[in-house]
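S.K.: sequence plus the predicted model coming up.
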Amino acid sequence: MKLKVTQENLAKALNSVSRVANSRGTLPILSNILLKIVDNRLSIAATNLDIAITHFVGAKVEKEGAITVPARLMQEFVSSLPSGVISLELQENKLHISTEKYQSTINGVSAEDFPVMPAITKGETLKINTKKLKLALQQVVSAASTDESRPVLTGVFMHTFEENMYLVATDSYRLAEKMISNSSTALSMLVPATSLTDLLRIIGDNEDEVVMIYDDQQAQFRVGDVELVTRQIEGKYPDYRKLIPSTFEFTATLKKSELSNITKVSSLFARESAGSITINLDKKAGQVSIRSIASQLGENVATAEAEVSGDGTITLNSRYVMDALQCLSGEKVTFSFNGKLEPCILRDPADKDYIHVIMPLKS
């Protein structure tokens, strides 16, 4: 293998794939990245056996070949080089890297030992608007569980319902649902939230669409020069729609910034009660108030003006409320619930495609 490539393009590719390389895995080669010439371009790939990312880089290729090298060393070394042209040459499993002022050699391992994710040969193809998918991932992924004892909840449920495509995630304490687009294609798959977090990192603002190819076991996402392949999670996703009420007894609409401020202040007094805050809606006064108590330190009541229907009280986790508010993109927020033990819904009154559900705490 012998080629020349720009430092900027090589560093960008190494940054996007190297975080997938697993230095703590049982297979030492998983801490390496695969460098390979494919169709006169340099292909850089990493995998942890659950997910694989491949980044293609334009290069001036003189000789084809393939090698694996330590991901962290390669990424940190190339990032430290000045901008300009880098020469890569492979000689007997040693990768020689040279620029005008730097010459280095990195010991590699044969590419034949590198595990490859199975190809999707008979999959369905779906094209998704990049901006819509990026926003949906930003609004949904954070609600997925990190508890591996319930694998189904560590994923994002991508599915169609009544000819609309949705992304959904829940950890059983909160739930986020985003409608992306109209779609007549039947879709039902569970993608690890960690994989979609990596996808979110590599989605730029320049591409018009993300191409998704999927079968029963895997899904591949193509974004420009980058491909991400991930295994799907096996299992049946809970029938979450039963949780979401269609009508509400208590509703308040107010500025998102004001609800965020009074929640943040109240959370300071809610640390010893696991973030527990009590939210009260007062129709006559036209306000939302949040009360929090720290038995050793004191208590706090913070109030904001709002359009209120019904007088109601509910106790929630302040961190979940703050997380939900960060996912809403408008200037206002509508806050709705039916009773102390019923789910609470937060949404942007100008955006009907996204809802955030928070389960109450027992006060």
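M.R.: Received the coordinates, thanks. Residues are numbered from 1 along each chain as shown.

S.K.: residue nearest the middle of the protein, spatially speaking?
M.R.: By C-alpha atoms, centre = their mean, the chain has its centre lying nearest to Thr197, at 2.8 Å.

S.K.: that residue against Val140, yeah?
M.R.: No: under the criterion of C-beta atoms under 8 Å, Thr197 makes no contact with Val140, lying 10.8 Å away. To be clear about C-beta, it is placed using only N, CA and C from the backbone, and glycine gets the same treatment.

S.K.: tell me where the model's unsure across the stretch 101-250 of the chain.
M.R.: Of all residues in the stretch 101-250 of the chain, none has pLDDT under 70.

S.K.: ok, which stretches of it are helices?
M.R.: 130-140, 193-202 (DSSP state H, counting those that start in this stretch).

S.K.: closest one to Phe77 among those?
M.R.: helix 193-202 (21.1 Å; C-beta to C-beta).

S.K.: tell me which element Ala11 falls in.
M.R.: Per DSSP states H and E, Ala11 falls inside helix 7-18.

S.K.: neighbouring strands - and their directions - for the next helix or strand after that helix?
M.R.: Remark: after helix 7-18, the chain's next helix or strand is strand 32-38, criterion DSSP H and E. With DSSP bridges as the test, strand 32-38 is paired with strand 41-47 (antiparallel), strand 66-70 (antiparallel).

S.K.: most tightly packed of the ones you listed?
M.R.: strand 41-47 (a mean of 23; mean count of other C-beta atoms under 10 Å).

S.K.: angle of it against helix 7-18?
M.R.: Put simply, strand 41-47 runs at 30 degrees to helix 7-18, going by axes from the mean of the first three to the mean of the last three C-alpha atoms, to 10 degrees.

S.K.: next SSE after strand 41-47?
M.R.: strand 51-58.

S.K.: now that following strand - C-alpha only, CSV.
M.R.: Output of strand 51-58 as CSV, limited to C-alpha atoms (Å, rounded to 0.1, in the frame of the first residue of the first chain):
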residue,chain,number,x,y,z
ILE,A,51,-21.2,-1.4,15.4
ALA,A,52,-18.8,-0.6,12.6
ILE,A,53,-18.0,2.8,11.1
THR,A,54,-16.2,3.2,7.8
HIS,A,55,-15.0,6.5,6.5
PHE,A,56,-13.8,6.9,2.8
VAL,A,57,-11.1,9.4,2.0
GLY,A,58,-10.0,10.7,-1.3
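
S.K.: give me the domain ranges for the chain.
M.R.: 2-113, 124-242, 245-358 (automatic domain parsing).

S.K.: now the strands paired with strand 32-38 in CSV, with distance to Val211 and mean pLDDT?
M.R.: Formatted as CSV, the strands paired with strand 32-38 follow (distance: least, C-beta to C-beta, whole Å; pLDDT from 0 to 100):
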stretch, distance to Val211, mean pLDDT
strand 41-47, 17, 96
strand 66-70, 25, 97
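
S.K.: beta partners of the nearest residue to Arg241 once chain neighbours are set aside?
M.R.: Using C-beta to C-beta, 6 or more residues apart in numbering and skipping residues adjacent in sequence, the residue nearest Arg241 is Phe161, 8.0 Å away. Beta bridges link Phe161 to Asn164, judged by DSSP bridges.

S.K.: burial check on Phe161, number of neighbours?
M.R.: Phe161 has 14 neighbours, counted by other C-beta atoms under 10 Å.

S.K.: and if you look at Ser80?
M.R.: 10.

S.K.: same check on Leu95?
M.R.: For Leu95, the neighbour count with other C-beta under 10 Å is 20.

S.K.: put the alpha carbons of stretch 344-363 into CSV.
M.R.: Output of stretch 344-363 as CSV, limited to C-alpha atoms (Å, rounded to 0.1, in the frame of the first residue of the first chain):
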residue,chain,number,x,y,z
CYS,A,344,-47.1,14.3,32.5
ILE,A,345,-46.7,15.5,28.9
LEU,A,346,-44.4,18.3,27.7
ARG,A,347,-44.5,19.7,24.2
ASP,A,348,-44.0,22.7,22.1
PRO,A,349,-47.5,24.1,21.3
ALA,A,350,-46.2,25.0,17.7
ASP,A,351,-44.8,21.5,17.1
LYS,A,352,-47.2,18.6,17.1
ASP,A,353,-44.6,16.1,15.9
TYR,A,354,-42.7,15.8,19.2
ILE,A,355,-43.9,14.8,22.8
HIS,A,356,-41.9,14.2,26.0
VAL,A,357,-43.6,12.1,28.7
ILE,A,358,-42.4,12.0,32.3
MET,A,359,-43.8,9.6,34.9
PRO,A,360,-44.6,11.2,38.3
LEU,A,361,-43.0,10.5,41.6
LYS,A,362,-45.0,9.5,44.6
SER,A,363,-45.2,12.6,46.7
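
S.K.: picking that back up, how about the helices of the stretch 101-250 of the chain, which one is nearest Asp113?
M.R.: helix 193-202 (23.6 Å).

S.K.: how about the closest one as CSV, C-alpha atoms only?
M.R.: C-alpha atoms of helix 193-202 as CSV (Å, rounded to 0.1, in the frame of the first residue of the first chain):
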residue,chain,number,x,y,z
ALA,A,193,-29.2,4.2,21.3
THR,A,194,-25.4,4.1,21.5
SER,A,195,-25.2,3.4,17.7
LEU,A,196,-27.5,6.3,17.0
THR,A,197,-25.4,8.6,19.2
ASP,A,198,-22.4,7.7,17.0
LEU,A,199,-24.6,8.4,13.9
LEU,A,200,-25.5,11.8,15.3
ARG,A,201,-21.8,12.6,15.6
ILE,A,202,-21.1,11.9,12.0
